[in-house]
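In: Okay, sequence plus prediction incoming.
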Amino acid sequence: YEKLLVLAPQDPEVVVNLSGAYYSQDNVAQAIAVCEVFLAERSIVPDILFNLGGYYQKAGRMDDAREIYQAYLTLGELGERLDEVKEILESLKQE
């Protein structure tokens, strides 16, 4: 996926898969970095926002997770996981 990212840096699917690979290898910092770079340089992608919120949670960055999940909610119908994100935000209120 790292090589694919060089070839197709605008492809959100590559970012989702690469960050997921890092996450599955317990390299949460790198998973976060891949998502943050993509979002800073390109358009907002619901799957990347959703994953980044989870990566922030795993890293103990709850304020960042809340902020990203709130951004996800602003996508409206573009976000296919609105109900799930609302539940996550509710659970984060208790932390």
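Out: Noted; the coordinates are in hand. Numbering: from 1, shown residues only.

In: Might you list the low-confidence residue ranges for the chain?
Out: For the chain, applying pLDDT under 70 flags the ranges 1, 3-9, 95.

In: Contacts only, for the residue nearest the centre of it.
Out: Closest residue to the average C-alpha location of the chain: Leu52 at 2.1 Å, with C-alpha atoms, centre = their mean. Applying C-beta atoms under 8 Å, 6 or more residues apart in numbering to Leu52 gives the contacts 19, 32, 35-36, 39, 68. C-betas here are computed from N, CA, C, even on glycine.

In: go with 10 Å
Out: When contacts are counted by C-beta atoms under 10 Å, 6 or more residues apart in numbering, Leu52 touches 15, 19, 31-32, 34-36, 38-39, 45, 64-65, 67-69, 71-72.

In: count of residues packed around the residue lying closest to Val45 once chain neighbours are set aside?
Out: In space, Val45 comes closest to Pro12 once its chain neighbours are excluded; the distance is 4.1 Å by C-beta to C-beta, 6 or more residues apart in numbering. Residues lying near Pro12 (other C-beta atoms under 10 Å) number 18.

In: Next, Pro12: phi, psi?
Out: The phi/psi pair for Pro12 (degrees, to the nearest 10) reads phi -60, psi -30.

In: got the residue ranges for the helices in this structure?
Out: Taking DSSP state H as the test, the helices found in the chain are 2-7, 12-24, 28-41, 46-58, 62-73, 82-93.

In: what does the fifth one contact?
Out: Read it as helix 62-73. 32, 35-36, 39, 44, 46-59, 61, 78-79, 81-82, 84-86, 88-89, 92-93, 95.
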